[in-house]
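Novice: sequence plus the predicted model coming up.
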Amino acid sequence: MSVVELCREDEIAVVLVDNPPVNALKHEVRVGLMDAFSQARDDSAVAAIVLACAGRTFIAGADITEFDKPPKAPHLSEVIALMESIGKPIVAAIHGTALGGGFEIALGCHFRVAAPGARVGLPEIKLGLLPGAGGTQRLPRLIGVEKALPMILSGDPIPAKAALQYGAIDSILEGELTPAAVEFARRVVREKWPLRRVRDLDEKLAPMREDPAKFDELAASSSKRTRGLHAPAAAIEAVRWSLQVPFDEAERRVRSAFQELRQGEQSKAQRYIFFAEREAAKVPDVSPATRPREVARAAVIGAGTMGGGIAMSFANAGIPVSLIETGQEPLARGLDTIAKNYRNTVKRGGLAADEMERRLGLIAGSTEFERVAEADIVVEAVFEEMELKKRVFGELDRIAKPNAVLATNTSYLDVDAIGQSTKRPQSVLGMHFFSPANVMRLLEVVRGEQTAPDVLATAIGIGRRIGKVPVVVGVCHGFVGNRMLRARSIEAERMLLEGALPQEVDGAIVEFGFPMGPFAMGDLAGLDVSWRMRKAQGLKSEIADQLCEAGRFGQKTGKGFYLYEAGSRTPRPDPDVENLIVETSARHGVARRPIDKQEIVERLIYPMINEGARILEEGIAARPSDIDVIWIYGYGWPVWRGGPMFYADRVGLASIRDRLGEMAAHSKDERLEPAPMLARLADDRRGFASLVESKKAPRQ
Ligand SMILES: NC(=O)c1ccc[n+]([C@@H]2O[C@H](COP(=O)([O-])OP(=O)(O)OC[C@H]3O[C@@H](n4cnc5c(N)ncnc54)[C@H](O)[C@@H]3O)[C@@H](O)[C@H]2O)c1
């Protein structure tokens, strides 16, 4: 069967795209569309055309794998140019999602109708690209620059109702979509509606054309969080062209901007992460056919920082959840924080008030542990103490449903030991959320030695259902993310003793692209948390320990590595801290020296990469790309740099190996010696990516 079919219903031609699973616009589809539209044009019996899609969605975008290859004609703009030249009305019938090239092709139609649940958007920016086939020019003409620019810069789709309000679609049709769209097309013909090509519209551009300063204002406010990224800047320019130059000239410029972005490092990194995220949900030795256990109800134990956020994540996805505490007081505090969080979102316009009530209604606070008996999945988020966790799991074993999944949110503790405190270790695993748990998307799914495949599949499935990005990891101290973070923290503190100040270390890594540096992050999380952990393990951290001893726990006490004015989260350098650092160096007999930005970045990042190599060798992570996904979704690694392991390959493993060798000699720290895997790959002039390629290669 062909991927594009043409059929006729009296005078209406229906062009049907059928390229499962999401009707991506691969080359064959573009060729098929050219043929189908040419035939419909030449058939004098055809008065109007409906463009519709089979399966679960309208065209949901380009075929991303084609972005790695040179473009192949016909380009999507040529398909759209043909459609616009036909002179017969074309109606796009949108169900599911019309995304990227899919929405652009709909914008090339004269009319757009949609099913009530449909969504439309231009997500190219998320892949480091801009809409390359007219989206940056047609959307502003159709709905105005004020609405179009934020859509293009956020990449987020909008629902049919909003699209109708904006004028991006003409009608929402109930019932079966294609017949309703055919009916709509008949009406267009019968009532001789004028043929409106979006490219010819001008009315909505006029206000901004007259007042260009307005555009600059809008651009500045819509691109606040795009530091370091090329694509948003290019997209802003492209939309500006819609105000300044004729359509065809603007499109010529857009095409060359698109090609530049496509071949650039940033988009390559972002496309890599797009695939890495999907890959991460696959567990090499668990069959994709493994049936997850049914989850209708959840329970969370502990209503503290994490438990509250985890309960919200379940409620946000419509899953009822019991939130269990030891007493009324901590329970009330936990529920209060949740309500406050929701109220703030409502205030910011991110949530409707009735939706907040619905979500709050799904969270049932309780001090009765017996409530876990109702749950299909239980997430424990009590204090980070092994004996306590074992006790909680012992109780869970007694009370929870026989088939319930029992998860711990521990950050560091041995998940196998926790599993052993039950008679069903096969049902136990780690579900390591990140703070704030209702916001952060990473979920490390920690697989215990005895965790059953269906339990793993359930945790992954539920993770996705609640909007997280699950990555399966093995049991070790700190799993993947925190273990690598520890390597970074040690080196960060070492640099303080050698001559850097917190603001210099943080500044260099922020310039690299992180939202904040290790010291500002420590202040945010609370320095007391890691202090307590270090004490429990007999570890020391020269500067941080002294800060904690002085009661400087970070933002919560207004002082940490930095100073915070009352009510402010902005870190300000503190002369007292500088003195403390300088004195500590002197006490250790260290002659302080300036440390430049490049050295800071290398010394923060290379030890992480080294730890990542050990993690791979130990099988704690299944693939280098899993580590990259963890760092992007859990720790603020800049997505356009593709994650630490991707970055390592870009730098070249040989130079990282050599630099680590120097660092190890300098610090006399054997953890900095190049990991065997890293050294081996460097010797063979290979990168981490080659590990995956060689796994895919046929066995000899
Ligand atoms: N805070 C973070 O950034 C973070 C991130 C990831 C994982 N974690 C892990 O999550 C867990 C919880 O951390 P947190 O920061 O939310 O701690 P927290 O101190 O804020 O909350 C713990 C809550 O558990 C309750 N609790 C203690 N014993 C209980 C019991 N027997 N039954 C029911 N409730 C009980 C306490 O009253 C408290 O409200 C820890 O294992 C921690 O390592 C924390």
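Specialist: Okay, I see it. Just so it is clear, the model here is predicted, and its values are computed rather than measured. Numbers count the residues shown, from 1 in each chain.

Novice: who's in contact with Leu51?
Specialist: Applying CB atoms under 8 Å, 6 or more residues apart in numbering to Leu51 gives the contacts 15, 17, 90-93, 105-106, 109. For every residue, glycine as well, the C-beta is placed using N, CA and C.

Novice: and those residues, which is closest to the ligand?
Specialist: Set against the ligand, the nearest of the contacts of Leu51 by CB to the nearest ligand atom is Ala106 (42.4 Å).

Novice: my guess is that closest one meets Ala118, correct?
Specialist: No: counting by CB atoms under 8 Å, Ala106 stays clear of Ala118, with 10.1 Å between them.

Novice: shared neighbours, the two?
Specialist: With CB under 8 Å, 6+ apart as the test, Ala106 and Ala118 both reach 58, 94, 98.

Novice: so who does the last one touch?
Specialist: This means Ala98. Ala98 neighbours (CB under 8 Å, 6+ apart): 58-60, 92, 106, 114, 118-121.

Novice: please redo it, this time with the cut-off set to 10 Å
Specialist: 23, 53, 57-61, 92, 104-107, 112, 114, 118-122, 157, 160, 163, 168-169 (CB atoms under 10 Å, 6 or more residues apart in numbering).

Novice: quick check: phi and psi on it?
Specialist: phi -100, psi 100 (degrees, to the nearest 10).

Novice: any idea what it is bridged to?
Specialist: Judged by DSSP bridges, the bridge partners of Ala98 are Val120.

Novice: please renumber so the chain begins at 53
Specialist: All right, first residue 53 from here; so that's Ala150.

Novice: Gly671 versus that one, what's the distance?
Specialist: 42 Å (CB to CB, to the nearest Å).

Novice: what's the answer for Asp115, then?
Specialist: For Asp115 relative to Gly671 (CB to CB), the value is 33 Å.

Novice: same check on Ala706?
Specialist: The value you get for Ala706 to Gly671, if CB to CB is used, is 25 Å.

Novice: which strands or helices does the helix or strand hosting Thr397 pack on?
Specialist: In the assignment (DSSP states H and E), Thr397 maps to helix 380-399. With contacts defined as 3 or more CB pairs under 10 Å, 6 or more residues apart in numbering; DSSP states H and E, helix 380-399 has these neighbours: helix 357-368, strand 373-376, helix 405-414, strand 415-418.

Novice: kindly reformat these as TSV containing distance to the ligand, mean neighbour count and mean pLDDT.
Specialist: Compiled in TSV, the helices and strands packed on helix 380-399 are given as follows (distance: least, CB to the nearest ligand atom, whole Å; neighbours: other CB atoms under 10 Å; pLDDT from 0 to 100):
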stretch	distance to the ligand	mean neighbour count	mean pLDDT
helix 357-368	3	25	97
strand 373-376	5	26	98
helix 405-414	19	14	97
strand 415-418	10	18	98
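
Novice: would you pull up the residue in the chain closest to the ligand?
Specialist: Closest point on the chain to the ligand, by CB to the nearest ligand atom, is Gly356, at 1.8 Å.

Novice: my guess is Gly173 contacts Thr149, does it?
Specialist: Yes: the criterion here is CB atoms under 10 Å, and Gly173 meets it with Thr149 at 7.3 Å.

Novice: show me which residues of the stretch 253-402 of the chain sit near the ligand.
Specialist: 353-359, 376-378, 382 (CB under 6 Å from any ligand atom).

Novice: excluding covalently adjacent residues, which one is nearest to Ser319?
Specialist: Closest residue to Ser319 apart from its sequence neighbours, by CB to CB, 6 or more residues apart in numbering: Gly180 at 3.2 Å.

Novice: which one of the shared contacts of Ala158 and Ala170 sits closest to Tyr324?
Specialist: Nearest to Tyr324 among those, counting by CB to CB, is Ala150 at 25.4 Å.

Novice: distance of the closest one relative to Leu733?
Specialist: From Ala150 to Leu733 the distance is 43 Å (CB to CB).

Novice: next SSE after the host helix or strand of Leu201?
Specialist: Using DSSP H and E, Leu201 sits in helix 197-206. Counting by DSSP H and E, the element after helix 197-206 in chain order, helix or strand, is strand 210-211.

Novice: flag every buried residue along the very next helix or strand once past that next one.
Specialist: Once strand 210-211 ends, the next helix or strand along the chain (criterion: DSSP H and E) is helix 212-218. Residues of helix 212-218 classed as buried under the neighbour-count rule (16 or more other CB atoms under 10 Å) are 212, 215-216, 218.

Novice: could you export helix 212-218 as CSV, CA atoms only?
Specialist: Backbone C-alpha positions of helix 212-218 (Å, rounded to 0.1, in the frame of the first residue of the first chain) are rendered in CSV as follows:
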residue,chain,number,x,y,z
ALA,A,212,-7.9,22.9,19.4
LYS,A,213,-10.0,25.3,21.5
ALA,A,214,-7.1,27.8,21.8
ALA,A,215,-6.2,27.3,18.2
LEU,A,216,-9.8,28.2,17.2
GLN,A,217,-9.7,31.3,19.5
TYR,A,218,-6.4,32.4,17.9
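
Novice: list the contacts of Met381.
Specialist: Careful, residue 381 is Glu and not Met. Neighbours of Glu381 in contact, by CB under 10 Å, 6+ apart: Thr419.

Novice: against Asp388, how distant is it?
Specialist: Taken as CB to CB, the span from Glu381 to Asp388 is 11 Å.

Novice: and Arg164, by the same measure?
Specialist: Arg164 is 46 Å from Asp388, by CB to CB.

Novice: higher neighbour count, the two?
Specialist: Arg164 (29 against 12; other CB atoms under 10 Å).

Novice: the more buried one: what secondary structure?
Specialist: Secondary structure, DSSP: H, G, I helix; E, B strand; the rest coil: Arg164 is strand.

Novice: before we move on, what about the one 5 residues further on?
Specialist: Reducing the assignment to helix, strand or coil with three-state DSSP, the entry for Gly169 is coil.

Novice: identify the residues contacting it.
Specialist: 147-149, 211-212, 224.

Novice: repeat for Glu377
Specialist: So Glu377 contacts 352-356, 359, 383-387, 417-421, 434 (CB under 10 Å, 6+ apart).

Novice: quick one, phi/psi of Ile224?
Specialist: The phi/psi pair for Ile224 (degrees, to the nearest 10) is phi -110, psi 130.

Novice: residues in contact with it?
Specialist: Counted by CB under 10 Å, 6+ apart, Ile224 has contacts 146, 165-170, 211-213, 215-216, 232.

Novice: what bridges to it?
Specialist: Ala166.

Novice: what are the phi and psi values at Leu253?
Specialist: According to degrees, to the nearest 10, Leu253 has phi -70, psi 150.

Novice: count the residues that sit near it.
Specialist: Leu253, neighbours per other CB under 10 Å, totals 15.

Novice: find the nearest non-adjacent residue to it, please.
Specialist: Nearest one to Leu253, counting by CB to CB, 6+ apart, is Arg193 at 4.2 Å.
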